[in-house]
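Q: Generate coordinates for the sequence data below:
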Amino acid sequence: MRLVLFDIDGTLLRSDGAGRRAMESALIDVFGTSGSPDYRYDGKTDCQIVRELMRAHGLADAHIDANLEALFDLYLTRLERELVDRSRNPVACAGVVEVLDALEACRDVTLGLLTGNLKRGAALKLAAVGIAIDRFRVNAFGSDEEHRPFLPAVAQRRARELLGLEVQGDRVVIVGDTPADIDCGRAIGARAVAVATGRYSLSDLAAHAPAALFADLTNTDAVVHAILTV
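A: Residues are numbered from 1 along each chain as shown. All right, here's what the predicted structure looks like:
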């Protein structure tokens, strides 16, 4: 069995900034600031984003932790509103649906998510572009662990619990658009297939030595072949 874990933002879809707008609005209401406008959300979990932004503003971890639940409730409410706003344009990245269809047709492949999004946020974003979260059976979310390098082990544990399978690290493939996606699975021996559909260029991603690298996911046969053979 091969476990194929997809990142969401910049890999499966683009949300037209909905996540950042919702998060910044919620941060202002709960903590009084949205933090530095230069801070990059790419490749980080929602919990990590909040902690790093608010620490940089001088807030203590205890204060951040005490307000996380209220913050995320507000964030998810506003994210849902942003995603249904007709002036916005969340879209699935080119080639994504075809790659998912092809992988689902493989008997020895299980699809999953490995994302910094909260579980509810992931479902909202996927629904906004017509991708059912139920397509992904084994998932690791930003609400499971604050730091991305811990998420591949969460996915392994979920595979064991949900499927009754011990999936070794070298049978795990992570598909993502950031250096964090490439690097996060190294501790368990996972391979990474990188795609330059986010904010990182091909050369940026190549510097982190993924097992395979694509400009986008439109060449279904080549992408699927890479995922099945890396």
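
Q: Three-state assignment for Leu217, please.
A: coil (DSSP: H, G, I helix; E, B strand; the rest coil).

Q: which helix of this structure spans the most residues?
A: As assigned by DSSP state H, the longest helix anywhere in the chain is helix 61-84.

Q: what's the average pLDDT for that helix?
A: The pLDDT scores in helix 61-84 average 97.

Q: If you count contacts, what does it end up packed against?
A: helix 18-31, helix 46-56, helix 119-128 (3 or more CB pairs under 8 Å, 6 or more residues apart in numbering; DSSP states H and E). Where C-beta positions appear, they are placed from N, C-alpha and C, glycine not excepted.

Q: Need the nearest residue in space to His147, chain neighbours excluded.
A: Leaving aside its sequence neighbours, His147 sits nearest to Gln48 (CB to CB, 6 or more residues apart in numbering; 6.3 Å).

Q: can I assume that neighbour is in contact with Glu145?
A: No. Counting by CB atoms under 8 Å, Gln48 sits too far from Glu145 to count as a contact (9.4 Å).

Q: Tell me which residue is most central in the protein.
A: Thr115 (2.5 Å; CA atoms, centre = their mean).

Q: Look up the closest residue to it, ignoring the ones flanking it.
A: Per CB to CB, 6+ apart, closest to Thr115 is Ile8, 4.5 Å.

Q: Asp144 should be in a helix, yeah?
A: No. Counting by three-state DSSP, one finds Asp144 to be coil, located in no helix.

Q: ok, now which ones touch the spatially closest residue to it that is not a sequence neighbour?
A: Closest residue in space to Asp144, ignoring its immediate chain neighbours: Val154 at 4.9 Å, by CB to CB, 6+ apart. Applying CB atoms under 8 Å, 6 or more residues apart in numbering to Val154 gives the contacts 140, 144-145.

Q: Next, the buried residues of the host helix or strand of Val154.
A: Secondary structure from DSSP states H and E places Val154 in helix 151-158. Buried positions in helix 151-158, judged by neighbour count with 16 or more other CB atoms under 10 Å: 151-156, 158.

Q: quick check, nearest of the residues you listed to Asp61?
A: Leu151 (20.9 Å; CB to CB).

Q: list the contacts for the nearest residue to Ala226 once chain neighbours are set aside?
A: In this structure, Ala226 finds its nearest non-sequential neighbour in Ala212, 3.8 Å apart by CB to CB, 6+ apart. Contacts for Ala212 (CB under 8 Å, 6+ apart) come out as 193-194, 226-227, 230.
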